[in-house]
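Undergrad: For reference, the sequence and a predicted model appear below.
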Amino acid sequence: MAIVHGFDSPQRFVAGTVGEPGQRAFFLQAREDARLVSVGLEKQQVAALAERVDELLDQVMAEATTQSVVPAMAPLGMVDDGPLDQPIDEEFRAGTMTLSWDPSDERVVIEVFRLGEDLEDETEPEEMLVVRLEPGQARAFVQRAERVLEAGRPTCPFCGQPIDAEGHLCVRANGFKRRDP
């Protein structure tokens, strides 16, 4: 029997990190009252999810088939820059994620499956996170995810690689160590 961590318009759905830039662990976290679910994932997964949610909302806006308003930006009252809720206990590691628009109740639906689950297989997944977000909540998720991604190590203006606190060996500088400009 599958474990489904389902949230319909949760009080909070965010991407966040634990650790110092260069050593950060990324999480998706959903909270409704006392129920809290944290799912570990890669930085690239956070970036892809935020980008696709934003594109999906833009597409829904352009089609103009919704009854409710789809905001172009995160509503001010929904901006969430707080730290992840404690305790941060990873329920599972994210693998495949799906994204859709439910036109019947005008919500973004995000499904996150456990790493290693084969969706091509006809079997039921062992564990998954399903979050249904109103458009404003989804835009707020995107805004926060973008801020979380930008808060990492600065990138070298010459080669585009991340710069550690001690600098890095830049291939564009013939192996000489560069510092943060």
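TA: Here it is on my side, so go on.
Undergrad: report the longest strand in the protein, please.
TA: strand 90-102 (DSSP state E).
Undergrad: What strands flank the helix or strand just after that strand, and is each parallel or antiparallel?
TA: Note on strand 90-102: by DSSP states H and E, the next helix or strand toward the C-terminus is strand 107-114. Strand pairing for strand 107-114, using DSSP bridges, gives strand 90-102 (antiparallel), strand 127-133 (antiparallel).
Undergrad: Mind putting the ones you listed into a markdown table with mean pLDDT and mean neighbour count?
TA: Every residue, glycine included, has its C-beta placed from N, CA and C. Converted to a markdown table, these look like this (pLDDT from 0 to 100; neighbours: other CB atoms under 10 Å):
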| stretch | mean pLDDT | mean neighbour count |
| --- | --- | --- |
| strand 90-102 | 96 | 16 |
| strand 127-133 | 97 | 21 |
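Undergrad: just so I know, which of those strands lies nearest M78?
TA: strand 127-133 (10.3 Å; CB to CB).
Undergrad: now the angle between strand 127-133 and the helix or strand just after that closest one, please.
TA: Once the chain leaves strand 127-133, the next helix or strand it forms, by DSSP H and E, is helix 135-150. With axes from the mean of the first three to the mean of the last three CA atoms, to 10 degrees applied, the angle from helix 135-150 to strand 127-133 works out at 120 degrees.
Undergrad: Disregarding flanking residues, what is the spatial nearest neighbour of the residue positioned nearest the centre of the chain?
TA: In the chain, the centroid-proximal residue (CA atoms, centre = their mean) is V46; its distance is 3.7 Å. In space, and not counting its chain neighbours, V46 is closest to A15: 4.7 Å by CB to CB, 6 or more residues apart in numbering.
Undergrad: Would you mind listing the buried residues in the strand or helix carrying the one you found?
TA: For A15, the host element (DSSP H and E) is strand 12-18. Residues R12, F13, V14, A15, G16, T17 are the ones in strand 12-18 that count as buried (16 or more other CB atoms under 10 Å).
Undergrad: Could you tell me what pLDDT the model assigned to E122?
TA: Per-residue pLDDT puts E122 at 70.
Undergrad: Just say helix, strand or coil for it.
TA: For E122, the assignment made with DSSP: H, G, I helix; E, B strand; the rest coil gives coil.
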